[in-house]
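**Q** Can you look at this prediction? I've put the sequence above it.
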Amino acid sequence: MAGDFNVIAHLSESSNYNGSQNFNGDTKDFLECLHGIAVLDHVTSGPTFTWSNKQQGNYIAKKLDRVLINEVWLSNFPNSKVEFLPPGVFDHCSAYIQLSSSEFSPPTPFKIFNYWANHPEFLATLQNSW
């Protein structure tokens, strides 16, 4: 089960945690739910925080996105891997889930450099290759 759960499971999953906050009701309910349905977070790589408000003056980042697994998953996909990819222009990170692999290699994002558009043959080359 994967997605944006819109709640943190641990206080350290928020960039504005200062060590003195307590769990709120949503976090307690979420942890009880995870325990009740016997799932846990898949081990991940990539950014620690999977969401941010992208605000310059009041930046907040949290781990809101998760890939939850159970014992059946672990039995069927013991070599599965999960990587959260950098968010780019979005406020959430995408999860790249690989069921089985000896070598983990997430897709490489397409990059364009703005100065390419200034090249005199840019549009013609783009039209010919599109």
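**A** Arrived safely, thanks for sending. The structure displayed is predicted, hence computed values, not measured ones. Residues are numbered from 1 along each chain as shown.

**Q** Let me see the ranges of the helices in the protein.
**A** Assigned by DSSP state H, the chain shows helices spanning 25-36, 71-76, 122-129.

**Q** Need those helices in CSV (columns: mean neighbour count and mean pLDDT).
**A** C-beta coordinates here come from the backbone N, C-alpha and C atoms, glycine included. As requested, the helices of the chain are arranged in CSV below (neighbours: other CB atoms under 10 Å; pLDDT from 0 to 100):
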stretch, mean neighbour count, mean pLDDT
helix 25-36, 12, 92
helix 71-76, 11, 93
helix 122-129, 10, 83
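
**Q** now these in TSV, with distance to Ala2?
**A** Listed next are those as TSV, based on distance: least, CB to CB, whole Å:
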stretch	distance to Ala2
helix 25-36	14
helix 71-76	11
helix 122-129	35
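
**Q** do you know which of these lies nearest Val89?
**A** helix 122-129 (20.9 Å; CB to CB).

**Q** Please export the C-alpha coordinates of the closest one as CSV.
**A** Once side chains and other backbone atoms are set aside, the C-alpha atoms of helix 122-129 remain, and they are given as CSV (Å, rounded to 0.1, in the frame of the first residue of the first chain):
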residue,chain,number,x,y,z
PHE,A,122,17.1,24.6,-31.5
LEU,A,123,13.6,24.7,-32.9
ALA,A,124,14.4,23.0,-36.2
THR,A,125,16.2,20.2,-34.3
LEU,A,126,13.3,19.8,-31.9
GLN,A,127,10.7,19.7,-34.7
ASN,A,128,12.7,17.2,-36.7
SER,A,129,13.2,14.8,-33.8
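
**Q** Make 12 the first number, not 1, from now on.
**A** Happy to do that; since the first residue is 12 now, the last one works out to helix 133-140.

**Q** Show me the contact partners of it.
**A** Applying CB atoms under 8 Å, 6 or more residues apart in numbering, the contact partners of helix 133-140 are Trp127.

**Q** chain center to that helix, what's the gap?
**A** A distance of 34 Å separates the centroid of the chain from that of helix 133-140, by CA atoms, centre = their mean, to the nearest Å.
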